[in-house]
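Undergrad: My questions are about this predicted structure, shown below with the sequence.
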Amino acid sequence: MEKNNTLRWFRIIAITEGISFLVLLLIAMPLKYFANMPLAVKYVGWAHGILFVAFLIFALLTKLILKKKFSWLIKAFIASILPFGTFVLESQMKKQGDFSAEKNDE
């Protein structure tokens with residue numbers, strides 16, 4: 001996969017994974033426990049699980065492409081398990097110019 005394409009997909013997956021996590025926590029879980037609708041967690045949890053794994057894979061690829069330290073990968077993992085974490089990580093990377101190479105691909 002091309003460098004710029006990988007970075008673009010990392011951003012998309014990071015944001016989508018963050019949204020799916022919030023939907024799971026703030027919508028699906030309350031539906032399960034307060035409205036007796038366990039299927040909400042089943043389906044949203046399934047989608048979030050796939051996005052979580054994709055995020056970790058693309059975090060590793062991004063680490064290799066941008067030549068980040070191993071501590072960055074740990075930071076990305078921690079971001080993936082904290083609400084709003086992937087949004088903060090993506091925002092920090094954008095401010096540092098990590099995604100500026102994407103402009104050359106368009």
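TA: Perfect, thanks for sending it.
Undergrad: next structured bit after the longest helix along the chain?
TA: Looking across the chain with DSSP state H, the single longest helix is helix 38-66. Going down the chain from helix 38-66, the next helix or strand is helix 70-81, by DSSP states H and E.
Undergrad: tell me the angle that next one makes with helix 38-66.
TA: 160 degrees (axes from the mean of the first three to the mean of the last three Cα atoms, to 10 degrees).
Undergrad: Can you tell me the centre-most residue of this protein?
TA: Of all residues in the chain, the one closest to the mean position by Cα atoms, centre = their mean is residue 14, 2.5 Å from it.
Undergrad: which residues does that one contact?
TA: Each residue near residue 14 by Cβ atoms under 8 Å, 6 or more residues apart in numbering is listed here: 55, 58, 86, 87, 89, 90. Bear in mind the C-beta positions are built from the backbone N, C-alpha and C, glycine included.
Undergrad: Okay, now the unreliable bits of the chain?
TA: Applying pLDDT under 70 to the chain picks out residues 1, 101-106.
Undergrad: try it again with 90
TA: When residues are selected by pLDDT under 90, those of the chain lie in 1-4, 97-106.
Undergrad: coming back round to it: may I see the buried residues of the longest helix of the chain?
TA: Neighbour counts over helix 38-66 (16 or more other Cβ atoms under 10 Å) mark 40-41, 44-45, 47-48, 51-52, 54-56, 58-59, 61-63, 65-66 as buried.
Undergrad: same thing with stretch 8-22?
TA: Quick answer for stretch 8-22 (16+ other Cβ under 10 Å): 8, 9, 10, 11, 13, 14, 16, 17, 18, 20, 21, 22.
Undergrad: out of those, who's nearest residue 80?
TA: residue 17 (6.6 Å; Cβ to Cβ).
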